[in-house]
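In: Mind looking at a prediction? Sequence and model below.
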Amino acid sequence: MEKEVRVRFAPSPTGPLHIGGVRTALYNYLFAKRHNGKFILRIEDTDQTRFVEGAEEYIRESMEWLGIVPDEGQGYGGEFGPYKQSERTEIYQKYAKQLIDEGKAYYAFDTPEELEAMRERLTEARVLHPQYNALTRNTMKNSLTLSDEEVKQKIEAGEPHVVRLKVPRKEDIRFKDAVRDWVLVNTDTLDDKVLMKSDGLPTYHLANIVDDHLMEITHVIRGEEWLPSAPIHVLLYEYLGWEAPTFCHLPLLLKPNGNGKLSKRDGDKHGYPVFPLDWQAPDSKEKSMGFREQGYLPDAMVNFLALLGWNPGDNREMFTLEELVENFSLDRIIKGGAKFDIQKGQWFNQQYLKNTTNQELAVFLLKDLNSKGIECSQEKAEKICNALKERVTFPNEFSVKGDFFFEAPQAYDEKVIRKKWTQEAVDTLRAYAEALAAFEGEFSAEKAKEILNEVLEKLGVKIGRIMQALRVSISGSGSGADLMEILDILGKEETARRINDAIEKLAGQVKA
Ligand code: GLU
């Protein structure tokens, strides 16, 4: 029987989750679901100096907003917990001890000054990789150079020390990456990485490997920035006698112009978010905007992110989360960096917004209206959303683009008036207002049109000659949503009132 697929998203709670991290989570989710496996959330908080209050909750809220909810992990339970590394210290200590006992790691007592002196010495001697490694470790203060007795004494005396990995000299480490194929690294370029820090906590490398093994992770899907760590991890698996998972390093997310890594600075400069949700740092005024608060819909976001680094093999662009699950595969992840084309993101939002029910869209509009102290019925809000949904990208535009539904125009588009506000238009509109006032019965977009047609026929006027004048008298603008739908929403009394108001206010501006 095939092993169950188990993948994990393993962020560090050091601030708001970057959108690149969200994409990593999404790809892990898609892969897990595609293979009926498990998607796990592990919190990697071994670096206590970088811990930020609220970041863990932010991670979960972001994932839940997008509908990529873990099956297991910190905050979700499961049989492989705890899923937070700060609660697993003893486990790491045990494996560090095992590595030392087997001669695969060692204690090191060097002070920061001694390490610095070593680096200076090597730099002066023009050594290519001036680092703590197979060449230098014999000149340093560690359990390889000190006697067992000295080591024991130092530890008992509480002298600060770390545990380092004993990286072999001049050996090739090779592993197969699902995206990059074979990766080959010579150990000459690696240093004896610290596995346990002087505070007794593990570093990322040790904790990551121990947890992936104990949590039975089958595939490690993570950002390309972790590729340089992978050889260390492969070596650790070998040293511990464990089978390594399949690695899959995802391409970087690049700025929209393709020039360098996507950054918060670039987002701020050009006015687009790089975080899923708004974020307020607990100890500073710094605020970052989120896609959610900017009006991006979760389904649009998922679709957009999925195609930033993965291609479905054809030109298809629209995918629901379920469809992505059906189609996702690691072999169609692209190798090169993916441009974060924010305009494409907006395009996706527009597509999804158009397909959202009026009932759902009305929720956004009603909330905005409520904050402005404007009353509106559910029915009217739904009609407004229906009228405007082809013309907006974000839900917060409904209350802005639809402001004329709640307030008669204060000004009229001058260009339209100059060209279209003719005596013929004024006479026709006046007759239309009268006909509307006289109409008794159920008003609707169709009725508005029918009554207009009757007036036009009676006066022998062609519709094209008065349409813009009618529109401008109603909304102040020369273009917009379907006019008859607008009239229906406003109702016949308000429509007639606005026409009469415009005729009065624009009396001096009738085109000769
Ligand atoms: N804790 C690492 C991060 O913050 C995880 C890297 C990995 O997935 O191995 O991204």
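Out: Everything's here; your move. Small disclaimer: the values here were computed from a predicted structure and weren't measured.
In: can we go C-alpha only for contacts and neighbour counts from here?
Out: Fine.
In: residues from the stretch 201-350 of the chain in reach of the ligand?
Out: Near the ligand, the residues belonging to the stretch 201-350 of the chain are Arg222 when assessed by Cα under 6 Å from any ligand atom.
In: Okay, strands next: where are they in the stretch 201-350 of the chain?
Out: Assigned strands in the stretch 201-350 of the chain, in chain order: 219-223, 246-250, 253-254, 279-280, 287-288, 338-339 (criterion: DSSP state E, counting those that start in this stretch).
In: Contacts for the last one next, please.
Out: By that I understand strand 338-339. The contact list for strand 338-339, computed with Cα atoms under 8 Å, 6 or more residues apart in numbering, reads 251-258, 308-309.
In: same check, this time on the fifth one
Out: If you take Cα under 8 Å, 6+ apart as the criterion, strand 287-288 is touched by 273, 275, 278-281.
In: Am I right that Ala300 is in contact with Gly345?
Out: Yes - using Cα atoms under 8 Å, Ala300 is in contact with Gly345, at 7.4 Å.
In: More neighbours: those two, which one.
Out: Each of Ala300 and Gly345 has its neighbours counted (other Cα atoms under 10 Å); Ala300 has more, 24 against 18.
In: Let me know the pLDDT of the more buried one.
Out: Ala300 carries a pLDDT value of 98.
In: Next: Met1.
Out: Met1 is given a pLDDT of 65.
In: Could you do Glu407 as well?
Out: At Glu407, pLDDT is 96.
In: could the contacts of strand 338-339 be laid out in a markdown table, adding neighbour count and pLDDT?
Out: Output for the contacts of strand 338-339, formatted as a markdown table (neighbours: other Cα atoms under 10 Å; pLDDT from 0 to 100):
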| residue | neighbour count | pLDDT |
| --- | --- | --- |
| Pro251 | 23 | 96 |
| Leu252 | 21 | 95 |
| Leu253 | 25 | 96 |
| Leu254 | 20 | 96 |
| Lys255 | 20 | 95 |
| Pro256 | 18 | 94 |
| Asn257 | 10 | 92 |
| Gly258 | 14 | 91 |
| Leu308 | 21 | 97 |
| Gly309 | 21 | 96 |
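In: out of the residues you listed, who's nearest the ligand?
Out: Leu252 (12.7 Å; Cα to the nearest ligand atom).
In: What residues does that closest one make contact with?
Out: Applying Cα under 8 Å, 6+ apart, the residues near Leu252 are 20, 223-225, 261, 336-338.
In: repeat that with 10 Å
Out: 20, 223-225, 260-262, 308-309, 335-340 (Cα atoms under 10 Å, 6 or more residues apart in numbering).
In: cool, and Leu429?
Out: Per Cα under 10 Å, 6+ apart, neighbours of Leu429: 423, 435, 452, 455-456, 466-467, 469-470, 473, 496, 499-500, 502-503.
In: Now that we have those, which of them are buried?
Out: Among the contacts of Leu429, the ones that count as buried by 16 or more other Cα atoms under 10 Å are 435, 452, 455-456, 466, 469-470, 473, 496, 499-500, 502-503.
In: Next step: those restricted to helices.
Out: 435, 452, 455-456, 469-470, 473, 496, 499-500, 502-503 (DSSP state H).
In: Out of those residues, which comes closest to Val151?
Out: If you rank these by distance to Val151 using Cα to Cα, Ser473 comes first, at 90.0 Å.
In: surely the closest one meets Leu483?
Out: No - applying Cα atoms under 10 Å as the test, Ser473 and Leu483 come out as separate, 11.3 Å apart.
In: what does the stretch 51-200 of the chain have sitting close to the ligand?
Out: Counting by Cα under 6 Å from any ligand atom, the stretch 51-200 of the chain has no residue next to the ligand.
In: Nearest to the ligand within the stretch 51-200 of the chain, name that residue for me.
Out: For the stretch 51-200 of the chain, Cα to the nearest ligand atom, closest residue to the ligand: Gln85, 10.0 Å.
In: List the contacts of that residue.
Out: By Cα under 10 Å, 6+ apart, the neighbours of Gln85 are 12, 42-47, 74, 91-92, 201-202, 204, 207-208, 211.
In: Least confident of the strands of the stretch 201-350 of the chain, on average?
Out: Among the strands of the stretch 201-350 of the chain, strand 287-288 has the lowest mean pLDDT, at a mean of 91.
In: what's the distance between that strand and the middle of its chain?
Out: How far strand 287-288 lies from its chain's middle: 15 Å, per Cα atoms, centre = their mean, to the nearest Å.
In: Low-confidence regions, the stretch 251-400 of the chain specifically.
Out: The model of the stretch 251-400 of the chain has no residue with pLDDT under 70.
In: The residue nearest to Leu487 when sequence neighbours are not counted: neighbour count?
Out: Nearest non-adjacent residue to Leu487, counting by Cα to Cα, 6 or more residues apart in numbering: Thr495, 6.2 Å away. Look at Thr495: counted by other Cα under 10 Å, it has 24 neighbours.
In: Contact partners for Thr495?
Out: 408, 432-433, 436-437, 448, 470, 473-474, 486-489, 501.
In: For the stretch 201-350 of the chain, which segments count as helices?
Out: 204-214, 230-240, 264-270, 298-306, 321-327, 342-354 (DSSP state H, counting those that start in this stretch).
In: Pick the most buried one from the ones you listed.
Out: Scoring the helices of the stretch 201-350 of the chain by mean neighbour count under mean count of other Cα atoms under 10 Å gives helix 298-306 as the most buried, with a mean of 21.
In: Helix 342-354 and that one, what's the angle between them?
Out: 150 degrees (axes from the mean of the first three to the mean of the last three Cα atoms, to 10 degrees).
In: for helix 298-306, packing partners?
Out: helix 19-34, helix 55-66, helix 321-327, helix 342-354 (3 or more Cα pairs under 10 Å, 6 or more residues apart in numbering; DSSP states H and E).
In: With only the CA atoms kept, save that helix in CSV.
Out: C-alpha atoms of helix 298-306 as CSV (Å, rounded to 0.1, in the frame of the first residue of the first chain):
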residue,chain,number,x,y,z
PRO,A,298,-11.0,34.6,-1.3
ASP,A,299,-11.8,32.5,-4.4
ALA,A,300,-10.2,35.1,-6.7
MET,A,301,-7.1,35.2,-4.5
VAL,A,302,-6.8,31.4,-4.5
ASN,A,303,-7.1,31.3,-8.3
PHE,A,304,-4.6,34.1,-8.7
LEU,A,305,-2.0,32.5,-6.4
ALA,A,306,-2.4,29.1,-7.8
